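In: what's the 3D shape of this:
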Amino acid sequence: MKLNYYRRDWTLYLQDCPCDLHFVQYLESRQVSDKLIFHFGTGEHHLVGKTNYERGNPNEILAVTLSRGEYDAYIDFVIANPAAANYYKVFFADIYTLSSRMLPSFDIATLFHLCEYYDDREYRDDEDYSEFEKSGEPHLNSAYARLDDAGVLELFLGKLNPGGKLLFFKGSSMWEWKPEKVVKAAISRGRLVVEDEYESLLICGLAS
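Out: Predicted structure coming up:
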């Protein structure tokens, strides 16, 4: 068994995945400051953390990546910009292995990539996929992780501060297939309410 890690580094493809750009625009347009933010998926570009630094670090951001290359890019960034490390922290982990005890409470959490990485082989390139098949070793989150996608959503619902927000990416190619259903299920259970939209982002809060 091996960790179901992401073997590539996600560069900034705005035509396919503008969620991080729309998020930093949302933060700036709403003048969001003094918030603790959880960010799921940094990209090699680290746009969210770097933009926060360029804006004078108005927020503190804790982010997670499952890409070795993206984590290396973060290390290079904070070595060159050590002051940014006070406000932007990235750790390498499978989000499906997190627990409530491991995390603080957040004012904002982005779950842009919910339902994109759980037991899913579609996102591996052909070479990696072939190696995976030849090895005979499972790379499935369900073989070791304590959470699935519904569990990740429930985890962060429980880690929101009063008035906190969960943000989702409606432009994901997966949105209508699974993420939207998981979000709607939480809404129907009375756990989540839609509060706003911004470009490709759906902004939700805790149901009262």
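In: what comes up buried for stretch 67-87?
Out: 67, 70, 71, 73, 74, 77, 78, 84, 85, 87 (16 or more other Cβ atoms under 10 Å). C-beta coordinates here come from the backbone N, C-alpha and C atoms, glycine included.
In: same question for stretch 19-31.
Out: For stretch 19-31, a neighbour-count test (16+ other Cβ under 10 Å) marks 19, 20, 21, 22, 23, 24, 26, 27 as buried.
In: grab the longest helix from the chain for me.
Out: helix 68-80 (DSSP state H).
In: show me where the chain has helices.
Out: 19-29, 47-54, 68-80, 126-135, 149-157, 179-188.
In: that older thread, could you dump the buried residues of stretch 67-87 to CSV with pLDDT?
Out: Shown next, in CSV, are these (pLDDT from 0 to 100):
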residue, pLDDT
67, 93
70, 95
71, 96
73, 96
74, 98
77, 98
78, 98
84, 98
85, 97
87, 98
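In: just the residues you listed now: which is nearest residue 119?
Out: When those are compared for distance to residue 119 (Cβ to Cβ), residue 67 wins out at 17.8 Å.
In: does that closest one touch residue 74 like I think?
Out: No - counting by Cβ atoms under 8 Å, residue 67 does not reach residue 74; the two are 10.0 Å apart.
In: which residues touch the spatially most central residue of the chain?
Out: In the chain, the centroid-proximal residue (Cα atoms, centre = their mean) is residue 40; its distance is 1.4 Å. Residues in contact with residue 40, defined by Cβ atoms under 8 Å, 6 or more residues apart in numbering, are 63, 64, 95, 109, 110, 111, 112, 113, 114.
In: switch the cut-off to 10 Å
Out: Residues near residue 40 by Cβ atoms under 10 Å, 6 or more residues apart in numbering: 63-66, 95, 109-114, 116-117, 152, 156, 167, 169.
In: tell me the pLDDT at it?
Out: Here, the pLDDT recorded for residue 40 equals 96.
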